[in-house]
Structure formats: C-alpha cells, structure tokens
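Novice: Provided below are the primary sequence and the corresponding predicted coordinates.
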Amino acid sequence: MANIAAVNRLNRPLKAAKLFFACAIPIALGQAETPAEALAKVRQAHAKAEADYTATLKSEPNNASLYQQRGVVRFFQLKFTESLADFDKFIEMMPSREPYHWQRGLVHYYAGKYKAGRKQFESHQTVNTQDVENAVWHYLCVSKIDGVKAAEKLFIKITSDRRVPLKEIHALFAGKGTEQQVLDAIKAGDPSQAALARNQFYGHLYLGLYYEAQGNAKKTAGYIAKAAKGHEAHGYMGQVARVHHEWLAKQKKQTKQKAN
C-alpha cells in the first residue's frame with residue numbers, strides 16, 4: 001500500500017518528525033533491549049506523540065495534517081474509535097484526499113465498521129488500481145458483512161502487483177491458490193536476506209488475515225505472530241502487523257475474562 005506520506009503531501013505539520021520517531025524507534029531500541037522493554041518504550045513514544053499533537057492542535061486547529069498524524073499514533077495504540085475520528089476530521093478538511101486514505105479503511109476494519117471500510121477500499125481502488133493489499137482488505141470487509149463466498153465473488157482482480165508473494169496471495173484469496181504456493185513463493189529464486197525477510201513478512205501477514213476470514217483462529221494467531229516479529233523493519237504495514245497481534249491478544253484476554 002502507498003506510503004503514508006502520500007496522504008499528507010499537501011500539508012505537512014511542523015512536528016511531523018514525531019511520527020517518524022514513533023515509527024522508527026523500535027529499530028534502535030531493539031538493538032540493546034529486550035522486545036518487551038522496546039515495546040514499552042514504543043508505546044510511551046506513541047502516547048507522547050499523541051499528547052504533543054493534541055497540544056499543538058489547540059494553537060493550530062485548522063492544521064489538517066495534525067489530525068492525520070494524531071490519527072496514526074492513536075491507531076498504533078489500538079485506539080480505533082479515536083483514530084477514526086481524527087481521520088474523518090482530516091477528510092472533512094481535505095475531501096480531495098479521501099480516495100487515497102487506505103489507512104482509514106484499515107481502522108474501519110478494526111473498529112468493526114465493515115461497510116464503511118468496504119466503501120473506503122473501493123474508493124482507493126480508483127486511484128490505486130493494481131494493489132493486492134487493497135483488494136485483500138476489501139475482501140476482509142465484505143467477508144464480515146456477507147461471508148467469504150460473497151467476498152470471493154466480489155474479489156477485486158489485480159494483474160500487475162509484482163511484489164513477492166502478492167501474486168500468490170491474490171490467488172489464495174480468489175480461491176485459486178494454496179497456502180503452500182504462498183510459502184513456496186517466499187523462498188523462490190534464492191532471495192537475498194533482506195528480500196526474504198520482506199517476502200516472509202507479507203506472506204505471513206496476509207496468510208494470517210486469510211485464515212482470520214476463514215475462521216481458523218490457530219493459524220491466524222500463528223501467522224500474525226510471525227509477521228509481528230521484527231515488524232519495525234516493514235514500515236506502516238509492519239505496525240499494522242504489530243497492532244493486529246496485540247488486538248488478537250486483547251480479544252483472547254477478554255474472552256477468558258468473560259468465561260471466568
């Protein structure tokens with residue numbers, strides 16, 4: 001999916017560096033601290049960034065990008081309702097950016113607003129026609145509304161996304177491919193270490209999401225956990241994997257509490 005900068009290109013806030021710090025800090029921290037310690041500091045950084053954006057908005061209430069950036073760090077903290085409110089405000093102030101705002105579609109999914117998410121991904125398709133990820137998230141929203149058979153029937157056809165293993169991921173969601181074909185594609189052609197890590201990340205993330213749609217909680221958790229490990233190396237979608245992993249853990253904990 002497009003880099004988040006594409007959404008904000010028309011109006012960059014003075015404190016945009018905070019978002020970069022919030023996203024990039026795990027790389028530095030991971031070199032010297034345990035994953036748990038690093039994650040704790042990342043959460044602190046996101047919370048501080050949110051507070052700083054909120055404070056700045058008091059003096060710059062018409063700065064649309066501040067709402068956008070705060071929406072991002074709120075999403076990173078699993079504050080889906082608040083994140084969506086900020087993204088909606090950004091679109092209200094800059095309506096021409098709505099088709100580009102795939103991040104908003106992701107939050108719709110996590111907030112359980114599947115019809116709105118479907119609409120957002122259909123809108124994004126008009127400006128980004130060859131993105132398997134957009135097709136997949138559209139599928140996920142449709143599957144929540146009408147089931148996987150309907151989602152498969154309405155699955156957006158993509159022919160020119162060359163990223164590995166997105167071609168095989170597309171075939172899987174279309175009902176024409178297999179899990180093993182995705183796993184084989186990840187390793188095909190003797191990729192470099194960096195390419196292999198990238199291939200594994202996308203393969204594991206979207207296999208996890210595929211099995212989530214199919215209702216296979218065990219495989220979902222396993223693949224999402226793999227994608228979340230080392231997420232800091234994979235930009236915005238790496239953060240999505242981490243958020244999804246924490247979201248699943250939160251749901252599991254809530255289910256146990258209700259059972260008790």
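Specialist: Arrived safely, thanks for sending.
Novice: Name the surrounding residues that touch the strand or helix carrying Phe201.
Specialist: Element membership of Phe201, judged by DSSP states H and E, is helix 193-214. With contact meaning C-beta atoms under 8 Å, 6 or more residues apart in numbering, helix 193-214 is reached by 133, 136, 139-140, 143, 148, 151, 163-166, 168-169, 172-173, 179, 182-183, 185-187, 191, 219-224, 226-227, 230-231, 233-234, 237-238, 240-241, 244. Just so you know, the C-beta spots here come from the backbone N, C-alpha and C atoms, and that holds for glycine as well.
Novice: Please apply the same query to stretch 92-108.
Specialist: 1-2, 4, 6-7, 10-11, 62, 64, 67, 71-72, 75, 80, 83-84, 87-88, 90-91, 114, 116-117, 120-121, 123-124, 126-128, 134, 137, 141, 236, 240.
Novice: List the buried residues of stretch 37-53.
Specialist: By 16 or more other C-beta atoms under 10 Å, the buried positions in stretch 37-53 come out as Ala38, Leu39, Val42, Ala45, His46, Ala47, Ala49, Glu50, Asp52, Tyr53.
Novice: for stretch 126-138, same thing?
Specialist: Asn128, Asp131, Val132, Glu133, Asn134, Ala135, Val136, Trp137, His138.
Novice: again, but for stretch 166-185
Specialist: 166-174, 177, 181-183, 185.
Novice: Apply the buried test to the contacts of stretch 92-108 and list what passes.
Specialist: Judged by 16+ other C-beta under 10 Å, buried ones among the contacts of stretch 92-108: 1-2, 4, 7, 11, 64, 67, 71-72, 75, 80, 83-84, 87-88, 90-91, 114, 116-117, 120-121, 123-124, 128, 134, 137, 141, 236, 240.
Novice: So for Thr2, what's the pLDDT?
Specialist: Heads up, residue 2 is Ala, not Thr. pLDDT, Ala2: 52.
Novice: ugh, wrong one, I meant Glu37
Specialist: Per-residue pLDDT puts Glu37 at 87.
Novice: Please, which helix or strand holds it?
Specialist: Going by DSSP H and E, Glu37 is part of helix 35-59.
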